[in-house]
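1. Below are the sequence and a predicted model; questions follow.
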Amino acid sequence: MRELSDEPTRQVTYAHQIPTPFPGATVDVNTQTKLTHLECSICGEHHDPETVQTTCTACGRAIVARYDLEQAKRTFTLESLGGRVSSMWRYEELMPIRNAQHIITLGEGMTSLLATPRLGALIGATNLWVKDEGSNPTGTFKARGISAALSKAVELGITEVGMPTAGNAGSATAAYAARAGITAHVAMPSDTPPAMMHEVHTYGASLQLIDGLISDAGAWITKQSEAHGWFPMATLKEPYRVEGKKTMGFELWEQFNGTLPDVILYPTGGGTGLIGMWKAFDELEAMGLIGPQRPRMIVVQAEGCAPIVRAFTTGAARAEPWEHASTIAPGIRVPAAFADDLILHAIRESNGDAIAVTDTAIQTAISDITRTEGIDACPEGAATFAGLQNLIAERRVDPDAQIILFNTGTGLKHPELRSTS
Ligand SMILES: *Cc1c(COP(=O)(O)O)cnc(C)c1O
Ligand SMILES: [Zn+2]
């Protein structure tokens, strides 16, 4: 076994090397990544991480990044992380980028984890916390996934990408493509909140409005990508967005000083964040940094679009597409998740749960969160509070458990939902 001191070049971290707060695009230095290969989440087939990959060539399903965790655990410790860059790139051993020059960052991650006793008191929750993702670049946690995916795309030489989106992934893609100096094409439903359309234009990406839902935008991007050679970046049809979103799991662990909460409520669309956090917990456990105890993973969806809730409730292995999907929370207006089985797996493995809430309850929850705690809730984040209220009332969640709500974005993109009096 090699000593740490045998690896002087691997010891170089951006935090120490670079005098700016974030890893720069100017420094040609290897990261400490322990990326080994890509693996199919369903059939186990291995794929080469040094070439461009989308889905499994054997079975067509989602592929995920694998790392040498034995190597990673020698430097990935609470103590060493503490001194690193204040962004999700601090978790570099378990991020997929090989050269720091390729990291396309705007400082995503390391968001606030806030105790919210006043909000908890409204529903009898005595140990309630909000992970507030609204402070990310472009105002949502989409920044994490897109930063990781576009960085890897840049590392593999990609210069033109296509992104189907319910809104926020389009904003993030446009911003990070600008930062990377590459071209982005975004397609989103024509009834997406205007703020998200304006962001895409403002960051200089092309925008195609689609009369339909994110699934229709996906079909358009697939077709255009084939015709024009764009790299398509739909949720989980590209392996690295999950790697960015999994950092939410590392952050919870780090912010709770090496422990995990009892319950996590997550507003679920394509499920990247939930699948990502579950993967982060797998990696932490394999490195011996947590025990087998896991948070209960709870999916929250809107009553107007709840395919995962329906599949969980009926005990189905896969989720059927939802007809006529409709909700005021665009990020969870996803009628069919590509990795529905991975989402259902995480819920069931964790003894979790799934619940749907009405748009009216979401609206009330926005007001509850903002007025009691000063946290600017997006409708998706507010849905988690509405869901928790019902789960506690139905005794499906212990009110004294340590509970995390994910506020996945800022409320500022939703003037249509804000109080006017
Ligand atoms: C995309 C999005 C979600 C859903 O995230 P997934 O990880 O794709 O399930 C939730 N909230 C907001 C604000 C989003 O933009
Ligand atoms: Zn496969």
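-> That came through, no problem. Ligands and ions are numbered 1, 2, ... in the order given.
2. Could you give the backbone dihedrals for residue 317?
-> Backbone dihedrals for residue 317, given as degrees, to the nearest 10, come out at phi -80, psi -30.
3. So for it, what pLDDT did the model give?
-> Residue 317 is assigned 94 on the pLDDT scale.
4. what about residue 371, neighbour count?
-> For residue 371, the count of nearby residues is 13 (other CB atoms under 10 Å). Glycine gets a C-beta too; all of them are placed from N, C-alpha and C.
5. Please apply the same query to the one 4 residues further on.
-> When neighbours are counted by other CB under 10 Å, residue 375 registers 21.
6. Surely it is within a strand?
-> No - per DSSP: H, G, I helix; E, B strand; the rest coil, residue 375 lies outside any strand segment and is coil.
7. Tell me, how many residues neighbour the residue of the chain found nearest ligand 1?
-> Taking CB to the nearest ligand atom as the measure, the chain has residue 331 as its residue closest to ligand 1, at 2.5 Å. For residue 331, the count of nearby residues is 27 (other CB under 10 Å).
8. Same check on residue 291?
-> Residues near residue 291, counting by other CB under 10 Å, number 10.
9. what do you get for residue 323?
-> Neighbours of residue 323 under the rule other CB under 10 Å: 8.
10. Who's the closest spatial neighbour of it, skipping the chain neighbours?
-> Spatial nearest neighbour of residue 323, chain neighbours left out: residue 335 (7.5 Å); criterion: CB to CB, 6 or more residues apart in numbering.
11. what does the stretch 51-200 of the chain have sitting close to ligand 1?
-> Along the stretch 51-200 of the chain, the residues adjacent to ligand 1 under the rule CB under 6 Å from any ligand atom are 140, 142, 168.
12. Three-state assignment for the closest residue to the second one other than its chain neighbours, please.
-> It refers to residue 142. In this structure, residue 142 finds its nearest non-sequential neighbour in residue 172, 4.1 Å apart by CB to CB, 6+ apart. Three-state call for residue 172 (three-state DSSP): helix.
13. so how far is residue 196 from residue 172?
-> Separation of residue 172 from residue 196 (CB to CB, to the nearest Å): 10 Å.
14. Among the two, which residue is more densely surrounded?
-> Neighbours per residue, other CB under 10 Å: of residue 172 and residue 196, the larger number sits with residue 172, 35 against 27.
15. can you pull the contacts of that one?
-> 137-138, 140, 142-143, 145-147 (CB atoms under 8 Å, 6 or more residues apart in numbering).
16. how does it look with 6 Å?
-> Residues in contact with residue 172 (CB atoms under 6 Å, 6 or more residues apart in numbering) are 138, 142-143, 146.
17. ok so, going back, which element, helix or strand, includes the closest residue to the residue of the chain closest to ligand 1 other than its chain neighbours?
-> Closest residue to residue 331 apart from its sequence neighbours, by CB to CB, 6+ apart: residue 380 at 4.4 Å. Per DSSP states H and E: residue 380 is located in helix 379-393.
18. Which elements pack onto the following helix or strand past that helix?
-> Note on helix 379-393: by DSSP H and E, the next helix or strand toward the C-terminus is strand 403-407. Contacts defined by 3 or more CB pairs under 6 Å, 6 or more residues apart in numbering; DSSP states H and E place strand 403-407 against strand 128-132, strand 263-267, helix 379-393.
19. Now render those as CSV, adding mean neighbour count and mean pLDDT.
-> Shown next, in CSV, are the helices and strands packed on strand 403-407 (neighbours: other CB atoms under 10 Å; pLDDT from 0 to 100):
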stretch, mean neighbour count, mean pLDDT
strand 128-132, 25, 98
strand 263-267, 28, 98
helix 379-393, 26, 98
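20. Generate TSV for these, with distance to ligand 2 as supplementary columns.
-> TSV is the format used below for the helices and strands packed on strand 403-407 (distance: least, CB to the ion, whole Å):
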stretch	distance to ligand 2
strand 128-132	32
strand 263-267	25
helix 379-393	30
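21. can you redo the ones you listed as TSV with distance to residue 98?
-> As requested, the helices and strands packed on strand 403-407 are exported to TSV (distance: least, CB to CB, whole Å):
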stretch	distance to residue 98
strand 128-132	29
strand 263-267	30
helix 379-393	33
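22. Surely residue 33 forms part of a strand?
-> No - applying three-state DSSP, one finds residue 33 to be coil, outside a strand.
23. Model confidence for it, exactly?
-> 96.
24. do residue 8 as well
-> Value for residue 8, per-residue pLDDT: 37.
25. ditto for the one 3 residues further on
-> pLDDT, residue 11: 37.
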